[in-house]
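Participant: Attaching a predicted model along with its sequence, questions to come.
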Amino acid sequence: MGTVPEDLTRVPDLSSTGGLHTEEMVLNVGPQHPATHGVLRVLVSVDGERIVRAEPVIGYMHRGHEKLVEQRDFRQITNLLSRMDWLSGINNEIPASLAVERMLELEVPRRAQYLRVILAELNRITNHLMFTGSFGLELGATTPVMYAFRERELIQEALELVTGGRMHFGFIRPGGLKEDVPRGFVELARRGVRQLVAKIPDYENLLMGNEIFKQRTVGVGRLDPALALDHGVSGPILRACGIPYDIRKVDPYLVYDEFEFDTPLGAQGDSFDRFWVLVQEMKESARIVEQALDGLPEGSHIGAVPKRLTLPKGQIYCHAENPLGELGYYLVSDGGNKPYRLKIRTPSFSNISVAAHMLRGAFVPDMIAILGSMFFVVGDIDR
Amino acid sequence: MVTTLHHILANSIVLLALKLGILLLLLPATLVVGYVELKVMAHMQHRLGPMYAGAYHGWAQTLADGLKFIQKEDIMAAATDRTVFSMVPYITMLGAALTFVVIPFSRHGVIANLDIGLFYALAVSSISVIGVLAAGWASANKYSLMGGLRAAAQLIAYELPLVLAAAAVAMQAGSLSLVSIAEAQRYVPFALWAQPLGFLIFLAAATAEVSRTPFDMPVAEAEIITGAFTEYSAMKFAFGLFAAEYIAMIGMSALAATLFLGGYVPLLPQLRFVPGPVWFLIKTGLLIFLLIWIRWTFPRLREDQLQKFAWKVLIPLSLVNIFVTGALKLAHWT
Amino acid sequence: MATPPRSLRSWERVDPEEFSRRVAGKLGDAAASVDVRNGTIHVTLPAGDVVGAARVLKEDPELDCAYFNFLSAVDWEAEGFEVLVALHSLTYGNTVIAHVRLPAESPSMASLTALYGGANWHERECAEMFGIDFDGHPNLVKLYLPEDFEGYPLRRSFKLASRRYKAWPGAKDEEEAAAGGPLR
Amino acid sequence: MNDESKLKKATFGTGLLKGLGITMRHMVSKAVTVQYPDEIAPLPPRSRGVIALKEENCTMCMLCARECPDWCIYIEGHKERRESRGEGKRAKAFNVLDRFAIDYALCMYCGICVEVCPYDALFWSPEFEYAEGDITRLTHEMERLEDWMRTVLPPSPLDDGAKGPEIKSAAPVVPAPAAAPAAAAPAPVETAPGPPPAAGRPAGMSEAEFVEQRAAAGRLVRQKVYEEEIAKGSEPRIAEARSKAAEMRARKATLPETEPAPPVTPAPAPSRPAAGMSAADAAAVRRKVYEEEIAKGSDPRIAEARSKAAELRARKGTKGPGG
Amino acid sequence: MTIDGDGRERVHRVKLPKSVSFLLNWSRKYSLWMFQFGLACCSIEFIASAMPKHDIMRLGVIPFPASPRQADLMVVAGTVTDKMAPAVKRVYEQMPEPKYVISMGSCSNCGGPYWDSYCVTKGVDQIIPVDVYVPGCPPRPEGLLYGIVRLQNKIQNENIPERWSGHAAKIPQIMGTGRSGGI
């Protein structure tokens, strides 16, 4: 019962002007446009202010990760892959190491798994904070992004204390972590998370409670769940349509099954729901970090890993819950220490492929609200 | 015949030249308001704003901006309609600056105390609509065209509530001359007792007139770059959009201060020793701060919501306001 | 809101072994081999009848693989190409990966866009990177690469230019430098 | 399903006013800006600003240049023969470094070279102020990399729960992680850092008295360092962290000389990849070398580097470079 | 200006008094309207530099203008791919003349981690002239601020007539921007 996707080229008849011949104007939004996050270009044909047809054009940030990965060994790969979805460095590295560990049956110490969960959730918070701020920016409110970045700096300080980097960490190694956390990290992380939870009501009042914001987002860009599943949409966008697909719950990896947290679900799947799910997820991540910090076991930061890491022949698919959706690595190895082929299934690629259907019939300013609420990172789309 | 100073002053041409000098004061005023907006916006966003331009707290930031815009290269794309393109800054500046002709700084400190001052002020402020529309058309750029059309639709939609709210004030004060309107509010401004609704309507319409958030769809960065002024650079941009917008903002807040807060009239009889112009500056400054405050807090409305707000909410409300004022006047209550 | 697909209401996890037996049963002879590795079900399908098998996987209530995960390929040089189609069943919490073997020269396959809307972009990327032709695809034009880019980057035969022209600084002596790349 | 439907129907105006309240509250509160050119926020020791080279440690093993994903480390050198001290031994040849340059325009700051260098010649320094007008000056030669050594911070002390990497014994079945030799009592988080590994006590002093004396020395050092840091104007949080670290070092330094001899080092196992001493003994060797260096009065950073090198050599079971 | 052989105006070297050139340089130094050209990961650190903790507006760099016409500093932050290079060049040409470019991050310096990729331009200085290179991947926001301070020092003792003399001051004929639409 998958809906047959209407042929994009057929033009729905919107010319309510009867006899008067109106000709559409093709508008070229991007590739360098202040609203889109980076270089996404949308070819829009517009009848007055209403969009008749929209076709996202991607590839402006295609850097060929899948080809470069075949020339690098696994430590170099974790560094390169954290540059794909540049807002969630740690979450990009985890599935790569998980794939290697599952193939070699490496046993990762509990402390390393706990620390991986803490770092992943802190990174998820910084990712969501960025989108909380920039969604307001696109609707014209320049102040929430400033507050969001103030919280983000504090959490980045904690991450930098541990890994040395602010955005690209290269800290997750097959078998565990690069080093152990220094003294003072636990307090700094706890303080950062506590300040975040204290400041979330600011965002709710400043944005979600604001009537103008509600008029701009409620009922705008409604995503039909069947279409979403058809396109492989995942992450907060899918959960905003009411489908509880969260890999940390459905197929728990690391030690996520030891923490109790719930997945917020939206009702209508419109821009407001997506934003609401995003903000609630930050609260959930904060809960996970608090529980993980309390229960941080003692032990070593890395298991017993052979010096020269060579993988047996074989194929494996390993996925994890990236802040933007399901990030999966299909690793094909031919016995060397470099992957023969690594297919990277990124969330934003599938999430944006559904945008063409959602933009049809919307207003031009709505297009910005819809694209802003689709939470994508162009590096993730173009790989 | 001894030509004393008095004679020279009484001579109408010299007097007029002196008074027009006041208009020249507007340019430094835009620099001051621009700087205040940068600093207030920064502190509202929990940061510091310009610090290094001009040493102490970056006071010379907008002066540096102005000087820099003079040095910039003035680009006109080949497809632009040159004459109209260059005329636009003058029109928008004209529309914004001429409202000050009738605004009283004190009992006699007004350039021309027209007895239809209010009517003149509102008529002149709608000239800038033509400027924005011309900019949209002349810069031969799709975004500018959309920006221009949006601006025209918005300004026309908000002209009506502006005029109706002002009409209620004229009814209340019984005259169109701004000086007598101000005098009628001796010691008790209209906003407090007679026209609270009118004050809110006028402020909302004024914000839309100046196209500032939440009504700044015509210059929405996210959707259509800088709207009608995308193609403008250097002094045309600085003069036509930047300075004209600030002068219009000052003009509108001065008008609102005069109509609803009593302009140069002291708020309390006891405070009479404070001279008129100081009162006027305090009230206008307050309203300017309010506009800045609103701009950096709210997101912007979509185009059709904007129009719906004007036609379905503001205009009926202002008609009700006029009806109520009329009824109260009849009952000799006020 | 349109009633969510059946998968939302009744979710029960099924053990991958049991699910693979169900898949083998439903596909019958179409599936050459069905095995379970690391919790995912791998199915090898003949090149001819991919759409039919995919339709069974998607529309059969017991399988309900409504979630289109990804589509990609692996270039085995001499032995040809292997196209991977990953489908996920939310209701039963299992991932099915179909492997389709294609010949090395002029590989082509039926397009799945009619069945899964999401396959559109994945197939365009696969065509552009490997040179695999998907017949029945609405507009099979380049997705990522600029129009004037020739060659198929993800094929093993496509060598990265910079690695050949820049001398490898890690070379201990000249002969290693000439080899143009770390030997490990 | 969720309470956001309630959010959607709030009465008009209340949301707007709350928004205005928030911005006003922020306007009157103090800004969080760090005025960069005048004041610099303190950076953590592990911050990856620039790579510094300690030229005498480098033996031109080229491992960093080989492991670098960006191929941005250029090393040139030549072999030299030096007559060895003892007679009759043939002269030993070893490498002399001519050029060691890192191209920072190309570098991706991943830190693999620092991690992979077996002789600890490369360190991370949090320095970041070296933007250039032209790109050729971004390739830092040996001298420039040497000056960065001044700005390298000592490594931050590890969290209390951190133990050395687990020991993978030869036996196929993985034993329960061998308890670290030191009876590391779970350190109470807030109070003074956990007692250091059970160190030998000078004879004739009761346990409590010994612990008391060491704790007092620790507190004294901590107080002094804390004042210095605040005087220097760094953030209280960083000052506090630094003073705690200083206290730890001071408490370890007051350990009496006689440290129980580390378990006898097992015969160097055949050179299978995971050869060499077990990690725990290597850590003990490291602590011993560290004490010797501090006793000799050398700079803590040198001690730290030497002990790390010793530990690595012990773990790999190889002899040190050039004796 | 004199019209030289091939009909283009040549700007003569004019001796500016010291104080006037100081004032002009000072105004250009403290009013760098920054055009937000964020491409990849560096764009996040570039946005972070405009945020409360680092606040680039203190240095007079105002991140307002959304169109290149009103900007005079272009910070190329992120990977310039071959498909994006023409757009970078076109945006640079639309900026009015006294314009400066900061290349932020290893990707735009010379390709960085993607030095061996088949579709990345190895360095933005192959398509537009760059004034300051900020190293880092991504550089810290303070690193970008340091780059801007260096650029400001360069502007402070710049010589305007020098910049224009002997250099053909042609009015750029940007054909048909009307029809082909936005940037």
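Facilitator: Structure's in. What do you need? If you're wondering where the values come from, they're calculated on a predicted model, not measured in any experiment.
Participant: Show me which residues of chain E are close to chain C?
Facilitator: Within chain E, the positions lying close to chain C (Cβ under 8 Å from any Cβ of the partner chain) are E:82-83, E:115-119, E:122. Heads up, the C-betas are built off the backbone N, CA and C, glycines and all.
Participant: Which positions in the stretch 151-300 of chain B make contact with chain D?
Facilitator: Contacts of the stretch 151-300 of chain B with chain D, taken as Cβ under 8 Å from any Cβ, map to B:293-294, B:296-298.
Participant: Quick one, which of these are buried?
Facilitator: Buried by 16 or more other Cβ atoms under 10 Å in any protein chain shown: B:293-294, B:296-298, out of those.
Participant: Dump those residues into TSV; add pLDDT as well.
Facilitator: Output for these, formatted as TSV (pLDDT from 0 to 100):
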residue	pLDDT
B:293	93
B:294	92
B:296	90
B:297	89
B:298	89
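Participant: Is it possible to get JSON lines of these that adds secondary structure?
Facilitator: Listed next are these as JSON lines, based on DSSP: H, G, I helix; E, B strand; the rest coil:
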{"residue": "B:293", "secondary structure": "helix"}
{"residue": "B:294", "secondary structure": "helix"}
{"residue": "B:296", "secondary structure": "coil"}
{"residue": "B:297", "secondary structure": "coil"}
{"residue": "B:298", "secondary structure": "coil"}
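Participant: out of these, which one sits closest to chain E?
Facilitator: residue B:296 (12.7 Å; Cβ to the nearest Cβ).
Participant: Would you confirm that the closest one contacts residue A:143?
Facilitator: Yes - applying Cβ atoms under 8 Å, one finds residue B:296 in contact with residue A:143, separated by 5.5 Å.
Participant: now the residues of chain E next to chain C: which count as buried?
Facilitator: The neighbour-count criterion (16+ other Cβ under 10 Å) marks E:82-83, E:115-119, E:122 among the residues of chain E next to chain C as buried.
Participant: Report the entries of those that also contact chain B.
Facilitator: Restricting those to those near chain B - Cβ under 8 Å from any Cβ - leaves none.
Participant: What is the burial count for residue D:56?
Facilitator: A count of nearby residues for residue D:56, using other Cβ atoms under 10 Å in any protein chain shown, gives 10.
Participant: Kindly report the same for residue B:211.
Facilitator: Neighbours of residue B:211 (other Cβ under 10 Å): 25.
Participant: and if you look at residue E:15?
Facilitator: Neighbourhood size, residue E:15 [other Cβ under 10 Å]: 6.
Participant: Likewise for the one 3 residues further on?
Facilitator: Other residues within reach of residue E:18 by the criterion other Cβ under 10 Å amount to 7.
Participant: centre of the chain versus stretch B:293-310, how much separation?
Facilitator: On the basis of Cα atoms, centre = their mean, to the nearest Å, stretch B:293-310 sits 18 Å off its chain's mean C-alpha point.
Participant: same check, this time on stretch B:306-321
Facilitator: Computed by Cα atoms, centre = their mean, the separation of stretch B:306-321 from the middle of its chain amounts to 21 Å.
Participant: And for stretch B:53-64?
Facilitator: Put simply, stretch B:53-64 sits 25 Å off its chain's centre (Cα atoms, centre = their mean).
Participant: Go through it and flag the buried ones.
Facilitator: Within stretch B:53-64, the residues that count as buried by 16+ other Cβ under 10 Å are B:53-54, B:57-58, B:60-64.
Participant: and those residues near chain E, which?
Facilitator: Among the buried residues of stretch B:53-64, chain E is touched by B:53-54, B:58, B:60-61, B:63-64 when using Cβ under 8 Å from any Cβ.
Participant: Take these and write them to a markdown table, including distance to chain D.
Facilitator: Listed next are those as a markdown table, based on distance: Cβ to the nearest Cβ, whole Å:
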| residue | distance to chain D |
| --- | --- |
| B:53 | 14 |
| B:54 | 16 |
| B:58 | 12 |
| B:60 | 18 |
| B:61 | 16 |
| B:63 | 21 |
| B:64 | 17 |
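Participant: Tell me which of those fall in strands.
Facilitator: Taking DSSP state E, every one of those sits outside strands.
Participant: And the helices in chain D, which stretches?
Facilitator: Secondary structure of chain D (DSSP state H): helices at D:4-8, D:14-28, D:63-67, D:112-116, D:142-147, D:207-232, D:236-253, D:279-296, D:300-316.
Participant: now check the fifth one, is it near chain E?
Facilitator: No - under the criterion of Cβ under 8 Å from any Cβ, chain E is not reached by helix D:142-147; the shortest gap measures 12.6 Å.
Participant: can you pull the contacts of residue B:137?
Facilitator: If you count contacts by Cβ atoms under 8 Å, 6 or more residues apart in numbering or on different chains, residue B:137 has them with B:81, B:84, B:144-145, B:148.
Participant: now the residues you listed as TSV including secondary structure, neighbour count and pLDDT?
Facilitator: Shown next, in TSV, are these (DSSP: H, G, I helix; E, B strand; the rest coil; neighbours: other Cβ atoms under 10 Å in any protein chain shown; pLDDT from 0 to 100):
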residue	secondary structure	neighbour count	pLDDT
B:81	coil	14	86
B:84	helix	14	90
B:144	helix	29	81
B:145	helix	21	82
B:148	helix	26	85
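Participant: Closest to chain D out of these?
Facilitator: Using Cβ to the nearest Cβ, the contacts of residue B:137 come closest to chain D at residue B:148, 29.2 Å.
Participant: correct me, but that closest one touches residue B:129?
Facilitator: No - assessed by Cβ under 8 Å, residue B:148 is found out of contact with residue B:129, at 9.8 Å.
Participant: what residues does chain D put near chain C?
Facilitator: Taking Cβ under 8 Å from any Cβ as the measure of proximity, chain D contacts chain C at D:62, D:65-68, D:71-75.
Participant: would CSV of those residues with distance to residue A:174 and pLDDT be doable?
Facilitator: CSV is the format used below for these (distance: Cβ to Cβ, whole Å; pLDDT from 0 to 100):
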residue, distance to residue A:174, pLDDT
D:62, 24, 87
D:65, 23, 90
D:66, 19, 89
D:67, 15, 89
D:68, 19, 91
D:71, 23, 89
D:72, 24, 90
D:73, 24, 92
D:74, 29, 91
D:75, 28, 90
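Participant: Those also near chain E: which ones?
Facilitator: Contacts with chain E within the residues of chain D next to chain C, as defined by Cβ under 8 Å from any Cβ: residue D:71.
Participant: Show me the residues of chain D next to chain C that map onto strands.
Facilitator: Among these, the ones falling in strands (DSSP E) are D:73-75.
Participant: Could you save those residues as a markdown table and add columns showing neighbour count?
Facilitator: Formatted as a markdown table, those follow (neighbours: other Cβ atoms under 10 Å in any protein chain shown):
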| residue | neighbour count |
| --- | --- |
| D:73 | 23 |
| D:74 | 16 |
| D:75 | 21 |
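Participant: Show me which of those residues is closest to chain C.
Facilitator: residue D:74 (5.0 Å).
Participant: joint contacts of residue B:296 and residue A:143?
Facilitator: Common neighbours of residue B:296 and residue A:143 (criterion: Cβ under 8 Å, 6+ apart): B:44-45, D:23.
Participant: Which residue ranges of chain E form strands?
Facilitator: For chain E, the strands defined by DSSP E cover E:2-3, E:9-10, E:32-38, E:61-62, E:73-77, E:100-104, E:132-134.
Participant: ok, so of the residues of the stretch 151-300 of chain B next to chain D, who is nearest chain C?
Facilitator: Closest to chain C, out of all of those and judged by Cβ to the nearest Cβ, is residue B:298, at 29.0 Å.
Participant: For chain A, tell me which of the residues of the stretch 151-300 of chain B next to chain D show up nearby.
Facilitator: Restricting those to those near chain A - Cβ under 8 Å from any Cβ - leaves B:296-298.
Participant: Let's have the residues you listed in CSV, adding distance to chain E.
Facilitator: Output for these, formatted as CSV (distance: Cβ to the nearest Cβ, whole Å):
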residue, distance to chain E
B:296, 13
B:297, 16
B:298, 18
